[in-house]
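got a structure for you, letters missing:
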């Protein structure tokens, strides 16, 4: 199994900003972390969601805004970070030999929309 790093949990609730995410990913890139999972919960709240979960204080819209930031794809590309899915990571790892089969060459960020 290839180890990976998860980021975002400490900023759950819509507190992660584009600048903070890029700062964290840059640091992880410098540490040569091969796979990085970014945990966000994008969405839109409605009356029912607020009734059930409003006490959480979660701001789903802010996570959605972060992921839709038009500057994000280019910023990730400049850092050599590939947005992908768990399915794609698993598929690429299945093609590698298990004995010391290193991680993919680029960092991978989970894209939960796939």
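Cool, the structure landed. Just so you know, these numbers come straight off a predicted model, no measurement behind them.

Going by C-alpha atoms from here, please, whenever you check contacts or count neighbours.
Noted.

where in this structure is pLDDT low?
Along the chain, segments meeting pLDDT under 70 span 1-3, 96-114.

now the strands for this structure?
Along the chain, counting by DSSP state E, strands occupy 5-7, 35-38, 81-84, 107-110.

Give me whichever of the ones you listed is most buried.
strand 107-110 (a mean of 24; mean count of other C-alpha atoms under 10 Å).

Columns distance to residue 92 on top of the strands of the chain, output as CSV?
What follows is the strands of the chain, written out as CSV (distance: least, C-alpha to C-alpha, whole Å):
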stretch, distance to residue 92
strand 5-7, 18
strand 35-38, 12
strand 81-84, 11
strand 107-110, 11
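
The chain: helices as residue ranges?
Assigned by DSSP state H, the helices in the chain fall at 18-30, 47-53, 60-68, 72-78, 86-94.

and the last one, which residues are buried?
Applying a neighbour-count criterion of 16 or more other C-alpha atoms under 10 Å, one finds 89, 93 buried in helix 86-94.

Packing partners of it?
On a contact count with 3 or more C-alpha pairs under 8 Å, 6 or more residues apart in numbering; DSSP states H and E, helix 86-94 meets no helix or strand.

could you redo the last one with a cut-off of 10 Å?
strand 107-110 (3 or more C-alpha pairs under 10 Å, 6 or more residues apart in numbering; DSSP states H and E).

follow-up on the earlier one: of the strands of the chain, which is nearest residue 64?
Closest approach to residue 64 among those is made by strand 35-38 (12.9 Å; C-alpha to C-alpha).

hang on, the earlier thing: just name the most buried of the helices of the chain.
It is helix 60-68: most buried of the helices of the chain by mean count of other C-alpha under 10 Å, with a mean of 18.

what packs against that helix?
helix 18-30.

hmm, 7 Å instead?
Applying 3 or more C-alpha pairs under 7 Å, 6 or more residues apart in numbering; DSSP states H and E, we find helix 60-68 packed against no helix or strand.

Spatially, and excluding backbone neighbours, which residue is closest to residue 42.
residue 64 (4.2 Å; C-alpha to C-alpha, 6 or more residues apart in numbering).
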